[in-house]
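Novice: Starting from these lines, generate the structure:
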Amino acid sequence: MERAEVLKGCGGRVPAGATAPEFLYVGGEFCERLLPPPACLRRLKEAFPRSKLVLLTPVLSQPALESLLATLKAGAREGLPQEVCVNDPGLFRALLARGGGPRLSVGRLLAGALGVSMQHGQVRRDLLSPRVAGIEADSLETLSFLTGALRRKVHLRAPFSYLGHTRNCRFRAAGRCARQCLAGHLRLRSGIVGEMFLAGNAYLRDNAEEAARITEQVRVKRLVLERGPAKAPAGRPRPQ
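Specialist: A predicted model of the protein is given here:
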């Protein structure tokens, strides 16, 4: 099984004493403001020369999509990044059509949006392409849409699964982004799902039980870890 870890921004570090995993994810799957500049990728490659860099990307506005496509075209000359984890359908189609460049993986947002479409037609043919390294799953529901050969491409996200996210970021002050969302996870209490976590502008829940069941049902190709522990605010968890 391949091992991967999600870094918290360009200054992200592997825990002391730990060996850098085969894959390091940097960027943001929920916010385009967290997309790193090319200089960040170069610094990380120097710091972790044995790890392959995966650019984690969100659903994109049109200007952000065009900017990222230009950045990836320029980065291809340096071989950076080695893989793009895609959550935007427009970006996925554009990169597949372009050919060459980094390998692709389907992020958990895009996999959830495609749903049953992954079992049929052109969508399935695209996903079976050798260019597509894997498809993220963080729940049994997403796994249920992956059939046949697609089950050999499972990238398991742990220890959190995705619930939802918003463009209204509580960490922005006076319209400015200080990237305070990278500090950690905020523990919350929901009347619907019970305990959950706020990570930037996204809501997540613990998926330890489902992750264990996924590993029982398929041979996971890659385990992608988002390090905790989640930070709990002072006092009791806030109701939502």
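
Novice: any low-confidence regions in the chain?
Specialist: Residues of the chain meeting the criterion pLDDT under 70: 11-18, 171-175, 178, 180, 228-240.

Novice: So which residues of it form strands?
Specialist: Along the chain, counting by DSSP state E, strands occupy 2-6, 23-27, 52-56, 83-86, 103-106, 132-137, 154-158, 160-165, 186-190, 194-199, 202-206, 222-226, 238-239.

Novice: could those strands be laid out in a markdown table, adding mean neighbour count and distance to C177?
Specialist: (Each C-beta comes from the backbone N, C-alpha and C, glycine too.) Output for the strands of the chain, formatted as a markdown table (neighbours: other Cβ atoms under 10 Å; distance: least, Cβ to Cβ, whole Å):
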| stretch | mean neighbour count | distance to C177 |
| --- | --- | --- |
| strand 2-6 | 19 | 19 |
| strand 23-27 | 24 | 14 |
| strand 52-56 | 24 | 17 |
| strand 83-86 | 25 | 21 |
| strand 103-106 | 23 | 26 |
| strand 132-137 | 24 | 25 |
| strand 154-158 | 24 | 24 |
| strand 160-165 | 19 | 15 |
| strand 186-190 | 17 | 17 |
| strand 194-199 | 19 | 15 |
| strand 202-206 | 20 | 15 |
| strand 222-226 | 20 | 20 |
| strand 238-239 | 10 | 23 |
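
Novice: would CSV of those with distance to A64 be doable?
Specialist: As requested, the strands of the chain are arranged in CSV below (distance: least, Cβ to Cβ, whole Å):
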stretch, distance to A64
strand 2-6, 20
strand 23-27, 12
strand 52-56, 13
strand 83-86, 13
strand 103-106, 18
strand 132-137, 21
strand 154-158, 23
strand 160-165, 15
strand 186-190, 26
strand 194-199, 20
strand 202-206, 17
strand 222-226, 23
strand 238-239, 31
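
Novice: Of all those, which one comes closest to S144?
Specialist: Counting by Cβ to Cβ, S144 lies closest to strand 132-137 out of the strands of the chain; the figure is 9.2 Å.

Novice: and the closest one, what does it pack onto?
Specialist: strand 103-106, helix 108-114, strand 154-158 (3 or more Cβ pairs under 8 Å, 6 or more residues apart in numbering; DSSP states H and E).

Novice: Of those, which is nearest L146?
Specialist: The closest approach between L146 and any of the helices and strands packed on strand 132-137, judged by Cβ to Cβ, belongs to strand 154-158 at 6.5 Å.

Novice: the inter-axis angle of that closest one versus strand 222-226?
Specialist: Angle between the axes of strand 154-158 and strand 222-226 is 20 degrees (criterion: axes from the mean of the first three to the mean of the last three Cα atoms, to 10 degrees).

Novice: Just the residues contacting strand 154-158, thanks.
Specialist: Residues lying outside strand 154-158 but in contact with it, judged by Cβ atoms under 8 Å, 6 or more residues apart in numbering, are 4, 105, 108, 133-138, 143, 146, 207-208, 211, 214-215, 218-226.

Novice: which ones are touching L60?
Specialist: L60 sits next to E32, L68, D88, G90, L91 when contact means Cβ under 8 Å, 6+ apart.

Novice: What is the neighbour count of the third one?
Specialist: By that I understand D88. D88 has 22 neighbours, counted by other Cβ atoms under 10 Å.
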